[in-house]
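> Show me the folded form of this:
(chains A and B, ligands or ions: 2)
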Amino acid sequence: MTASTNSPGTLAPSPGEAEDGGRTAGPWGRLPTWLRRTIVFAALIGIWQLYTSASGVSAFVFSGPWDVAKALADGVSSGDLVTSTWTTLRMLGTGMAIGIALTVVLTVLAVTTTLGDDVLTLVSSMINPLPSVAILPLAMLWFGLTDTALVFVTANAVLWPMTVSVSMGLRTTPPTLLMVGRNLGLGRWRLTWDVMMPAALPHALAGLKTGWAFGWRTIIAAELVFGAAGSKGGLGFFINNARYYALIPDVFAGLVVIALIGIALDLVFNVIERRTVVRWGMKEGASA
Amino acid sequence: MNGEDAPALLVDHVAIGYRRRGRFVPAVADAAFEVRRGEKIMLLGPSGSGKSTVLKAVAGFLRPSSGRVVVDGRVDPGPGPDRAVVFQEFDQLFPWRTVLGNVVHALRVTGVDRATARRRAVEHLRLMGLEDMLDSHPHQLSGGMKQRVAIARALAVDPLMLLMDEPFGALDAQTRGRLQGELARIVARTRSTLLFVTHSIDEAVLLGDRVVVLAGRPSHVAEIVDVSALDGPDAPGFAGARHRLRSLLAEEGEILDGVYE
Ligand SMILES: Nc1ncnc2c1ncn2[C@@H]1O[C@H](COP(=O)(O)OP(=O)(O)OP(=O)(O)O)[C@@H](O)[C@H]1O
Ligand SMILES: [Mg+2]
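Ligands and ions are numbered 1, 2, ... in the order given. Here you go, the predicted model:
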């Protein structure tokens, strides 16, 4: 007999077994996922705190979790951290909105006209390999040390990965669905709007996930380069400023906020995917 | 010939081919038949004999390489909702719309107002036995259920001509029998013209007025058999027509029925 976990009589997998795939479920594996993750998280924080207090590392280069938590609380109550976060998120949002709008225009032009297709293919294959921060010097030259420059680099970071995946999605619309649309008498624009765009949604969302991650990295990097931009700086500015005044816990607090926002936005996009393309059976994915 | 007698559809010595790796490969060499208004024409032939190809040419998706398709006096018209198509493929429903949403959408884009669209969609989905699935999404349906939604959608837009490509192929014998009856009733009531592709001799004889048999590769019309008087297996002549069609297909070296029997 093979060592199959699904021996006759135990066809229904015990809780946790399905998620763990082929791994053997020891006592640890049998704990619920959230509990396992919480324990690991607490242990990591513990090690961090232990290292800081036991190793005697200088408080001018490293902070423990307790100091970082205090800095976070202070930053929130004084409003500094909240303002910086809001500034960065607002610019990210503006940049993404512009990037998405341009994506829609460019990709629709590319699938409806041959010239648009040629132009977009060439331009995106030239710009896409460029790391998006690389155009920051140009942006500074054109717009100065302003929010506009930051929005510009962010929009640029979002635009190209998105156009690549969205035009792929539009192009791979199932031919039967296109025939159904044409059979209903839909014209070119209605066909794009009613059939091709929704059919491209799985690709568009995947592109949005890549695009926002690019945009997020780019705007933080750009803010760090800027140092002090405009009257109110964003998170990158907050970190750089804290470093300048040797407020090391604040540096860490800024990093924690950046990570948390990353996690939160990833969650948001996963929820959007689950409510749309996964629910419609257009993409395999977490159905839980 | 006066206007009343003009055929709803004239397939006038049509040849159609596909471009495969740069080469033109003919699929249909000579398809020629006429369909009168309200008539039910069955396209019968072995797999690969170009039944779907002819149907897609009538629907306006393929252009004949010679000959012409005349629909209601229009030569080689593009696709349009006057000829509603039920495709052979299972992926013909919009996955992002519900079952009801798919049918309502078809009605809305063909100019029906919201309330009427909803009422008519529900009515046709009920006829297809799908009243419990209205809010499901297509991926939650079986293959046969998906085809029934597509049939409901095509019937709901109330077209001049229905083009159906093996719509009952994925159904069990009982459901198929019930839906054949339902389709016959609806077509009789709306007096819409029906062009129906099938593998099944029995289905062709039961549903059709005339059966166009496609044979050869590239194919031509081997014979057109009149079965209009035969609306049940007990009708005199049923066995004869069945036998005739069977021998026509057997000449092709393929026994096809039995799949459905
Ligand atoms: N898109 C296509 N590109 C190239 N060749 C095609 C295409 N569609 C069909 N053909 C060819 O045309 C011929 C007729 O195909 P068609 O689909 O019309 O047959 P059919 O009678 O509908 O068969 P079935 O009963 O299996 O559906 C076949 O030889 C097929 O290989
Ligand atoms: Mg076919």
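
> which residue is nearest the middle of the chain?
By default, I'm working from chain A. residue A:213 (3.5 Å; Cα atoms, centre = their mean).

> wait, chain B
residue B:164 (1.9 Å).

> OK, contacts around it?
If you count contacts by Cβ atoms under 8 Å, 6 or more residues apart in numbering or on different chains, residue B:164 has them with B:85-86, B:151, B:154, B:194-197. In this view, the C-beta of every residue, glycine as well, is placed from N, C-alpha and C.

> repeat for residue A:160
For residue A:160, the contact set (Cβ under 8 Å, 6+ apart) comprises A:124, A:127-128, A:132.

> Which positions in stretch B:134-148 come out as buried?
For stretch B:134-148, the neighbour count (16 or more other Cβ atoms under 10 Å in any protein chain shown) marks B:134, B:137-138, B:141, B:144-148 as buried.

> Ok, stretch A:70-84 next?
For stretch A:70-84, using 16+ other Cβ under 10 Å, the buried residues are A:71-72, A:75, A:80-81, A:84.

> How about stretch A:253-260?
Counting neighbours by 16+ other Cβ under 10 Å, stretch A:253-260 gives A:253-254, A:256-258 as buried.

> Looking at those, which is nearest residue A:158?
residue A:258 (17.4 Å; Cβ to Cβ).

> where's the one helix or strand the closest one maps to relative to the chain centroid, distance-wise?
If you go by DSSP states H and E, residue A:258 is part of helix A:248-273. Its chain's C-alpha centre and that of helix A:248-273 lie 9 Å apart, by Cα atoms, centre = their mean, to the nearest Å.

> Also stretch A:46-58?
Counting by Cα atoms, centre = their mean, stretch A:46-58 comes out at 31 Å from the chain centroid.

> Other residues contacting it?
Taking Cβ under 8 Å, 6+ apart as the rule, stretch A:46-58 contacts A:62-66.

> With just CA atoms, put it into CSV.
Extracted C-alpha coordinates of stretch A:46-58, given in CSV (Å, rounded to 0.1, in the frame of the first residue of the first chain):
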residue,chain,number,x,y,z
GLY,A,46,10.5,38.9,20.0
ILE,A,47,13.8,38.1,18.3
TRP,A,48,14.0,41.7,17.0
GLN,A,49,13.5,43.1,20.6
LEU,A,50,15.9,40.5,22.0
TYR,A,51,18.6,41.5,19.5
THR,A,52,18.2,45.2,20.1
SER,A,53,18.4,44.9,23.9
ALA,A,54,21.0,42.1,24.1
SER,A,55,23.5,43.1,21.4
GLY,A,56,24.0,46.6,22.6
VAL,A,57,23.7,48.0,19.0
SER,A,58,23.8,51.8,18.9
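
> tell me which parts of chain B are close to ligand 2?
Contact residues (Cβ under 5 Å from the ion) of chain B with ligand 2: B:52, B:88.

> Pick out the residue in chain B sitting closest to ligand 2.
Residue nearest to ligand 2 within chain B: residue B:52 (3.1 Å; Cβ to the ion).

> where does that residue fall, helix, sheet strand or coil?
The three-state label given to residue B:52 by DSSP: H, G, I helix; E, B strand; the rest coil is helix.

> Measure how buried it is and give me the count.
Per other Cβ atoms under 10 Å in any protein chain shown, the neighbour tally for residue B:52 reads 19.

> repeat for residue A:143
15.

> if we can go back for a sec, got the contact list for the residue of chain B closest to ligand 2?
B:88, B:165, B:197.

> residue contacts, the first one?
Remark: with contacts taken as Cβ under 8 Å, 6+ apart, residue B:88 is in contact with B:52, B:165-166, B:169, B:197.

> Just give me the closest of the residues you listed to ligand 1.
residue B:52 (3.2 Å; Cβ to the nearest ligand atom).

> near chain B, which residues of chain A show up?
Taking Cβ under 8 Å from any Cβ of the partner chain as the contact definition, chain A meets chain B at A:174, A:176-177, A:179-180, A:182-186, A:190, A:194-195, A:198, A:201, A:276, A:279-282.

> about what we covered before: which ones among the buried residues of stretch B:134-148 map onto strands?
When the buried residues of stretch B:134-148 are checked against strands (DSSP state E), there are no matches.

> Columns distance to residue B:92 on top of those, output as a markdown table?
A markdown table is the format used below for the buried residues of stretch B:134-148 (distance: Cβ to Cβ, whole Å):
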| residue | distance to residue B:92 |
| --- | --- |
| B:134 | 18 |
| B:137 | 14 |
| B:138 | 9 |
| B:141 | 12 |
| B:144 | 13 |
| B:145 | 13 |
| B:146 | 8 |
| B:147 | 8 |
| B:148 | 12 |
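
> any idea how far the closest residue to residue B:237 other than its chain neighbours is from residue B:241?
Closest residue to residue B:237 apart from its sequence neighbours, by Cβ to Cβ, 6 or more residues apart in numbering or on different chains: residue B:230 at 5.6 Å. According to Cβ to Cβ, to the nearest Å, residue B:230 stands 6 Å off from residue B:241.

> Return every residue with contacts to both of the two.
Among the neighbours of residue B:230, those also in contact with residue B:241 (Cβ under 8 Å, 6+ apart) are residue B:205.

> okay, residue B:73: pLDDT?
Turning to residue B:73, the model gives it a pLDDT of 87.

> Name the member of the contacts of stretch A:46-58 with the most neighbours.
Neighbour max across the contacts of stretch A:46-58 (other Cβ under 10 Å) = residue A:63, 22 neighbours.

> Surely it is within a strand?
No - counting by three-state DSSP, residue A:63 is not part of a strand but coil.

> Make sure it is actually in contact with residue A:242.
No - at 10.6 Å, residue A:63 does not count as touching residue A:242 under the criterion of Cβ atoms under 8 Å.

> shared neighbours of the two, anything?
With Cβ under 8 Å, 6+ apart as the test, residue A:63 and residue A:242 both reach A:248, A:251.

> Just want the residue of the stretch 51-200 of chain B that's nearest chain A.
residue B:139 (2.6 Å; Cβ to the nearest Cβ).

> Noted, bye for now.
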